[in-house]
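Engineer: When you get a sec, could you give me coordinates for this:
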Amino acid sequence: MGTIAEALLEQGEARGLIKGKANAFLLQARNKFGDLPAARADEVRSADAATLDRWLAALVVADTLDEVFDVRRPH
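Structural biologist: Next comes the predicted model:
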């Protein structure tokens, strides 16, 4: 059984990974499509890890930013 400190450390690491995915997505999306609307950037920053993974995968093949965000949930 882990300590409270270990649990907090794991939680912090998970948040850091999500923040890193969000930053990577924003960088790549800007490189591909230009500046994102503020609402979209906020949506990315508040997304969970699974959603960011889907969007990152979609970003590679999408022709428009809207196509990326149309991939909201697995089918």
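
Engineer: which residues in the protein form helices?
Structural biologist: All helices of the chain, identified by DSSP state H, fall at 4-33, 38-45, 49-61, 65-69.

Engineer: Quick one: the ones you listed as CSV, columns for mean neighbour count too.
Structural biologist: C-beta here means a position set from N, CA and C on the backbone, and glycine is covered the same way. Listed next are those as CSV, based on neighbours: other Cβ atoms under 10 Å:
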stretch, mean neighbour count
helix 4-33, 13
helix 38-45, 14
helix 49-61, 15
helix 65-69, 16
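
Engineer: contacting residues around the most centrally placed residue in the chain?
Structural biologist: By Cα atoms, centre = their mean, the mean C-alpha position of the chain lies nearest to Leu52, the distance being 3.1 Å. Shown in contact with Leu52 (Cβ atoms under 8 Å, 6 or more residues apart in numbering): Ile18, Lys21, Ala22, Phe25, Val44.

Engineer: Which of those lies at the shortest distance from Ile4?
Structural biologist: The closest of the contacts of Leu52 to Ile4 turns out to be Ile18 (Cβ to Cβ; 21.3 Å).

Engineer: That closest one is in contact with Ala50, isn't it?
Structural biologist: No: counting by Cβ atoms under 8 Å, Ile18 does not reach Ala50; the two are 10.0 Å apart.

Engineer: what ranges of this protein fall below the confidence cut-off?
Structural biologist: The model of the chain has pLDDT under 70 over residues 1, 72-75.

Engineer: Now with 50, please.
Structural biologist: Applying pLDDT under 50 to the chain flags residues 75.

Engineer: Distance of Leu27 relative to Gly20?
Structural biologist: 11 Å (Cβ to Cβ, to the nearest Å).

Engineer: Likewise for Glu13?
Structural biologist: Note on Glu13: its distance to Gly20, by Cβ to Cβ, is 10 Å.

Engineer: Please write out the alpha-carbon positions of stretch 52-60 in PDB.
Structural biologist: Extracted in PDB, the C-alpha atoms of stretch 52-60 (Å, rounded to 0.1, in the frame of the first residue of the first chain):
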ATOM      1  CA  LEU A  52      -5.700  14.200 -26.100                       C
ATOM      2  CA  ASP A  53      -4.400  10.900 -27.500                       C
ATOM      3  CA  ARG A  54      -7.300  10.700 -30.000                       C
ATOM      4  CA  TRP A  55      -6.800  14.300 -31.100                       C
ATOM      5  CA  LEU A  56      -3.000  13.800 -31.500                       C
ATOM      6  CA  ALA A  57      -3.600  10.800 -33.700                       C
ATOM      7  CA  ALA A  58      -6.300  12.600 -35.700                       C
ATOM      8  CA  LEU A  59      -4.000  15.700 -36.100                       C
ATOM      9  CA  VAL A  60      -1.600  13.600 -38.200                       C
END
